[in-house]
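Asks: Next one to model:
(chains A and B)
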Amino acid sequence: MKINYCDALVIGGGLAGLRAAVAAQKKGLSTVVLSLVPVKRSHSAAAQGGMQASLGNSKMSDGDNEDLHFADTVKGSDWGCDQDVARMFVHTAPKAIRELASWGVPWSRVEKGTREAVINAKKTTITEDEDRHGLITSRDFGGTKKWRTCYTADATGHTMLFGVANEALRHDVDIRDRKEALSLIHENGRCYGAIVRDLITGELEAYVAKGTCIATGGYGRVFKQTTNAVICEGTGAAIALETGIATLGNMEAVQFHPTPIVPSGILLTEGCRGDGGILRDVDGHRFMPDYEPEKKELASRDVVSRRMIEHIRNGKGVPSPYGYHVWLDISILGREHIEKNLRDVQEICQIFNGIDPADEGPKGWAPVLPMQHYSMGGIRTKPTGESQNLAGLFACGEAACWDMHGFNRLGGNSVSETVVAGMIIGNYFADYCLANDVTIPTKTVQKFLDEQDKYLDELLAYEGSEDIFKIKNRMKQLMDDKVGIFRSGEPLKEAVEELKELLAKTKKINIKSKERAGNPELEEAYRVPMMLKVALCVAKGARERTESRGAHYREDFLMRDDKNWLNRTLTSWPNKNDMEPTITYEPLDIMKMEMPPAFRGYGAKGMIIEHELSAVRQEQVDSITEKMESEGKDRHQIQDALMPFDLPMNYKEKNERAGDK
Amino acid sequence: MSTQKGREITISVLKYNPRSKVSKPHFVEYKLEETPGMTLFIALTQIREFHDPDLSFDFVCRAGICGSCGMMVNGKPALGCRTLIANYPTGKLQLMPMPAFELIKDLSVNTGKWMDSMSKRVESWVHSNHEVDISKLEDRIEPKVANDTFELDRCIECGICVASCGTMLMRPNFVGPVGLNRVARFEIDPHDSRTAEDFYELIGDDDGVFGCMSLMACEDHCPKHLPLQNKIAYLRRKLVALR
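Replies: Now for the predicted structure:
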């Protein structure tokens, strides 16, 4: 048996994992990062539009601060998020972006003087002050009070990923790619690393560490229509689930993005609408103002996605061989703007659809349709990133539910979360590795390795008649059809039942090649059952949650039900042979919230079943705020009185802004 | 999407597993029905699901962003995900793994390993002694300079420039267009304090900027249209002036 020992093991080499690894390495820990693919190819690279951080440098973001970012994030989450975590996040985001700037991420900068912009489909002139020249600029995104999304044209995730990966190289982090974790090693409620398969040689090895951090991204590929990269299969969450101890949180909270292009599902960034692009129907009519008079195309993603489908259902969709879609029109921004700030978008339209979106009129309109985009759910952790149940297991980024997005994530908050969580959780994780020793006997490690070794042989020995690719494709179709944007009881029930059948079928396959290495079908054979378990957590969680909140929308329960459902879904898989997850719930404490539940300011009005404590807490918050304001206390002191929060390192320091008085 | 529906296409793939004792390089032909907008990502996925579950290839983003799927398409290096079948009037495509990289199996090559060693060789990170206080205002950067840095930072390390490089064939240790572009990127980044002299130490030899024969197939094939010719010439002039 080959055992690799290290202090800190990070599984997943996207932005979150790499940033956490840098944190661990900088604290003197020997740190290993395992990745399915060369880390610079991670799905983080696909984040186009930008990263939210309340710098407040540019004209349209002047006056921005942590409080506004916090409020937008909580409203966006439809009050499902952990407000402590949201506070930790918004306070660290400006630091994260400044750190990245010093690591070489070439953020687009404020240019003094006047420029043209398109706001609400009208040409507008914006004048930037001279004293802001050269500071990091920002653009508009959905669901935000200020222009808060910082960017490098439309390749933000790419430049961030290269910046952080380069920094990891500089610190000599041990990065090993084409390695896949198959299971976690654990004993007496503590995690000690993972059993890992080399994707080139097929060899199994053990990685034993003081602490393990999973940062493997989301589970979008359990759906058919998704913007996610092909590696986003949720297997990182699955290996945590399969410990039988760690839990997953809010797995039914799945975001659908309004503007992937049809039919490839490649994302056209929210920056298209943020910069002034609009949605049009079969008649060329701009329909979003009819539904959302205030925020129009820039309401939160869950709302815009539903309105688009609603409009198509009203007979206003554009017919195509791939079903109905609507149009995204960015030609009104002008060719110069598109070729500078939305170049990747232009390339995608040209290469995959033969459209130049800078062409004026219908010729330049791109066909778009909402598709799966983001997984709010993930490995449930404390605000420190450590699993609530399995000590020594940490998770960060999209793989985790710590939980800053609740039931809907704002555009620009995910790529921001990756680095911020990498900083915060990476440091808590490193502290854990510094304080705890490896105490596991090699015999136990051997047992975990033997289990996987035997399992792979077992898979190759199956002599059934089922086809693993067919099972996988059926799962994806099922998730699209019955667990998608619009959900209701009966289809969800059917989905759960059929997913269970599919899970049973995975033991009746027949793998054609019997090789243990270089055998893609074998890889599907062990991944698909994991994906089905994740899909079952999503479908069953959605079936049980009889309310509509954020991206989880039940046509048979249209109200957001704070009275009964202000809680977080926890799924676990206690026994290996179970065919469905076990669900429990964790309540949210209104009396500790800085911002008690209320109306989001967009979406349908009057659709909330109130919790009696919301008003009580609001009154408390108001009276504390009023009293402290009259005593001359500043916003930081008031915030601290309402909901104190902790951060590691010096991240709690106040963020300086150009607009500070 | 002007593709004729239902055209029969033939995709011929060089299959070889260098880790197997019995495997020998050979071409396998797959016949598929073309669908509108079909890319090599869609076609190869179909081949694996319906014809040959043993066929190895690499895709990640399938959108031309991650640089995973470089391969030789009818003799020219290209990103598989961006290769539209409709652009091949004969309906015949021959696929081979990219040269210059270690072959893993079939179309899968180890670009990651190569890029990692290139990154370490040119010290592909910001060199600075300036302690940054991340609670304070960021350093100001001229918008144009930030934009120029971004232009070169758009490289996705797909390896297509390396696979198309003539110098690479003669000098296996050549740092490659991707490596020279990386140096050019840090050279204009104001955060990086390295001098021309420092860069000379890294690439001032025949395995570096003086090895390039200016055949420029790199720029012809770069899927990100990076100004490689220009930047290599610039670096060469700048570094040759030092000696």
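
Asks: hey, what's A:Thr569 bridged with?
Replies: Assessed by DSSP bridges, A:Thr569 has beta-bridge partners A:Tyr585.

Asks: wait, it sits on A:Met376?
Replies: No. Assessed by Cβ atoms under 8 Å, A:Thr569 is found out of contact with A:Met376, at 10.9 Å. For glycine as for every other residue, the C-beta is placed from the backbone atoms N, C-alpha and C.

Asks: any residues in contact with both of the two?
Replies: Residues touching both A:Thr569 and A:Met376 (Cβ atoms under 8 Å, 6 or more residues apart in numbering or on different chains): A:Asn250.

Asks: what residues are up against B:Phe50?
Replies: A:Phe469.

Asks: likewise B:His51?
Replies: So B:His51 contacts B:Tyr30 (Cβ under 8 Å, 6+ apart).

Asks: Pull the lowest-mean-pLDDT helix or strand in chain B out as CSV, backbone CA atoms only.
Replies: None of the helices or strands of chain B scores lower by mean pLDDT, DSSP states H and E than helix B:166-170, at a mean of 93. Provided in CSV are the C-alpha atoms of helix B:166-170 (Å, rounded to 0.1, in the frame of the first residue of the first chain):
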residue,chain,number,x,y,z
GLY,B,166,8.7,24.2,-35.6
THR,B,167,11.4,25.1,-33.0
MET,B,168,9.9,22.6,-30.6
LEU,B,169,10.8,19.8,-33.0
MET,B,170,14.4,20.7,-33.0
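
Asks: And for the next helix or strand along the chain from that helix, what's in contact with it?
Replies: Moving toward the C-terminus from helix B:166-170, the first helix or strand encountered (DSSP states H and E) is helix B:176-188. Contacts with helix B:176-188, where a contact means Cβ under 8 Å, 6+ apart, come from A:104, B:115, B:118-119, B:121-122, B:124, B:126-127, B:145, B:148-149, B:152-153, B:155, B:157, B:159, B:161-162, B:165, B:168, B:192, B:194, B:196, B:199, B:202-203, B:208-209, B:212, B:218-219, B:222, B:226, B:228, B:231-232, B:234-235, B:238.

Asks: which parts of the least confident helix or strand of chain B are buried?
Replies: Using 16 or more other Cβ atoms under 10 Å in any protein chain shown as the test for burial, helix B:166-170 gives B:Thr167, B:Met168.

Asks: Which secondary structure state does the residue in the stretch 351-500 of chain A that chain B sits nearest to sit in?
Replies: Residue of the stretch 351-500 of chain A nearest chain B, by Cβ to the nearest Cβ: A:Phe469 (4.2 Å). When classified by DSSP: H, G, I helix; E, B strand; the rest coil, A:Phe469 comes out as helix.

Asks: Show me how chain B divides into domains.
Replies: B:6-100, B:109-125+B:139-239 (the TED database).

Asks: contacting residues for residue 95?
Replies: I went with chain A, as the question did not name one. Contacts of A:Lys95 (Cβ under 8 Å, 6+ apart): A:Met423, A:Tyr651, A:Asn655, B:Ile134, B:Ser135.

Asks: hm, I was asking about chain B
Replies: B:Ile11, B:Ser12, B:Val13, B:Leu14, B:Leu40, B:Met71, B:Met72, B:Val73, B:Gly80, B:Leu107.

Asks: Got the confidence number for the fifth one?
Replies: Which is B:Leu40. On pLDDT, B:Leu40 comes in at 97.

Asks: Look up how far B:Val122 lies from it.
Replies: Using Cβ to Cβ, to the nearest Å, B:Leu40 is found at 31 Å from B:Val122.

Asks: try A:Ala194
Replies: In terms of Cβ to Cβ, A:Ala194 sits 33 Å off from B:Val122.

Asks: which of those two has more neighbours?
Replies: Taking other Cβ atoms under 10 Å in any protein chain shown, A:Ala194 and B:Val122 do not tie; A:Ala194 has more neighbours (27 against 21).

Asks: Provide the secondary structure category for the more buried one.
Replies: Applying three-state DSSP: A:Ala194 is strand.

Asks: which residues does it form a beta bridge with?
Replies: A:Leu184, A:Tyr207.

Asks: re the thing from before, give me the number of residues near the residue of the stretch 351-500 of chain A closest to chain B?
Replies: A:Phe469: 18 neighbours (other Cβ under 10 Å).

Asks: can you tell me which residues contact it?
Replies: Counting by Cβ under 8 Å, 6+ apart, A:Phe469 has contacts A:Glu521, A:Glu524, B:Arg48, B:Glu49, B:Phe50, B:Pro53.
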